[in-house]
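Student: Quick one, what's the 3D model for this:
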Amino acid sequence: MSAAIQQQLPDLIAHRGNAAEYPENTLPALRSALELGVRHIAFDVQLSADRQPMLLHDSTLARTAGLELHALEMSSQELAVVAVNEDRRFNKRFTDIGIPTLAQAVNVLESHPAATAFVQLKRASLRAFGHELVARRVCEVLKPIARQCVLISADLAAVHHLRQVSPYRVGWVLPDYSTVSALKCEALAPDYLFCDHQLLTDNASRLWRGPWRWAIYEVSSRSQALALGKRGARLVQTMLVREMLREFRSLQARV
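Tutor: The predicted structure is shown next:
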């Protein structure tokens, strides 16, 4: 592989951990991704009814646990006994994988001090509990690994709030790839910009330049990652952690 291609190869972010092989946002998924050697990991946080940060993408438990329950109306103790085995996706391969607290995820990351965690504050909790409370609770729990963490959200007001009240690096998950969003990025100057690759309709132009690093998500192939790297993406986010790592390492071995 040429030096030019090596420079264009983005780093991988494990999306919700090694979510291709384990239920998403769970301790087995996080541990697996880190043990495979990923240096960046991303997971989602919602607050329980008793204001405890929990690793959850959805505000309901229908998809991951098969339960018609609203997670934000349940206490952390109630959520702790829910099994999120994702039976539809894994065909009952797993039997007792629980919803982690953010504190449990911190314990995992403490044993991998070189890893960076992108912690996404979800809109459902921001609406239900307010930006100030969610930010305060998450920042408190992450304090032991603060230097490893980047707080991100699709809620622009929440990212502004985090920038003002916390020392954490921040990232904005873009709603679109438009001139209006570009202007908002210039005003905010986040450390990271996250964008779904499907929003990048122009496949040739370089990504907006700025003080941020680009992280493109829903990436599923080495060729796609290389193409994004040529456009300026420093990171690509994927659930196919083992497969993508294998492909990246095979390329790097050719240097």
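Student: Can you show me the strands along the stretch 101-250 of the chain?
Tutor: For the stretch 101-250 of the chain, the strands defined by DSSP state E, counting those that start in this stretch cover 116-121, 149-153, 169-173, 192-196, 213-217, 233-238.
Student: Could you dump those into a markdown table with mean neighbour count added?
Tutor: C-beta coordinates here come from the backbone N, C-alpha and C atoms, glycine included. Shown next, in a markdown table, are these (neighbours: other C-beta atoms under 10 Å):
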| stretch | mean neighbour count |
| --- | --- |
| strand 116-121 | 24 |
| strand 149-153 | 24 |
| strand 169-173 | 22 |
| strand 192-196 | 22 |
| strand 213-217 | 23 |
| strand 233-238 | 24 |
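Student: Next, format these as JSON lines and append mean pLDDT and distance to residue 98.
Tutor: Converted to JSON lines, these look like this (pLDDT from 0 to 100; distance: least, C-beta to C-beta, whole Å):
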{"stretch": "strand 116-121", "mean pLDDT": "98", "distance to residue 98": "19"}
{"stretch": "strand 149-153", "mean pLDDT": "98", "distance to residue 98": "22"}
{"stretch": "strand 169-173", "mean pLDDT": "98", "distance to residue 98": "26"}
{"stretch": "strand 192-196", "mean pLDDT": "97", "distance to residue 98": "27"}
{"stretch": "strand 213-217", "mean pLDDT": "98", "distance to residue 98": "26"}
{"stretch": "strand 233-238", "mean pLDDT": "97", "distance to residue 98": "24"}
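Student: contacting residues for the residue nearest to residue 40 when sequence neighbours are not counted?
Tutor: Spatial nearest neighbour of residue 40, excluding adjacent residues (C-beta to C-beta, 6 or more residues apart in numbering): residue 13 at 4.2 Å. The contact partners of residue 13, by C-beta atoms under 8 Å, 6 or more residues apart in numbering, come to 38, 40, 41, 42, 118, 215, 217, 235, 236, 237, 238.
Student: hang on, the first one in a strand?
Tutor: Looking back up the chat, that one is residue 38. No: assessed with DSSP: H, G, I helix; E, B strand; the rest coil, residue 38 is coil; it does not lie in a strand.
Student: need the contact list for residue 196.
Tutor: Counting by C-beta under 8 Å, 6+ apart, residue 196 touches 174, 216, 217, 218.
Student: same thing but 7 Å
Tutor: 217, 218 (C-beta atoms under 7 Å, 6 or more residues apart in numbering).
Student: Run through the bridge partners of it.
Tutor: In this entry, residue 196 is beta-bridged to residue 217, by DSSP bridges.
Student: let's number from 88 now, not from 1
Tutor: Sure, I'll start counting at 88 from here, so that last one is residue 283.
Student: ok so, going back, ok, of the contacts of residue 100, which one's closest to residue 192?
Tutor: Nearest to residue 192 among the contacts of residue 100: residue 128, at 9.1 Å, using C-beta to C-beta.
Student: any low-confidence regions in the stretch 88-237 of the chain?
Tutor: Within the stretch 88-237 of the chain, the segments meeting pLDDT under 70 span 88-94.
Student: which residues in it form helices?
Tutor: Remark: helices assigned in the stretch 88-237 of the chain by DSSP state H, counting those that start in this stretch are 90-95, 114-123, 149-152, 163-167, 174-177, 189-197, 210-216, 218-229.
Student: Pick the most deeply packed of those helices.
Tutor: Ranked by mean neighbour count, those are led by helix 114-123 with a mean of 21 (mean count of other C-beta atoms under 10 Å).
Student: what's that one packed up against?
Tutor: Helices and strands touching helix 114-123, by 3 or more C-beta pairs under 7 Å, 6 or more residues apart in numbering; DSSP states H and E, are strand 127-134, helix 189-197, helix 328-339.
Student: okay if I get those as JSON lines plus distance to residue 222?
Tutor: Shown next, in JSON lines, are those (distance: least, C-beta to C-beta, whole Å):
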{"stretch": "strand 127-134", "distance to residue 222": "11"}
{"stretch": "helix 189-197", "distance to residue 222": "13"}
{"stretch": "helix 328-339", "distance to residue 222": "29"}
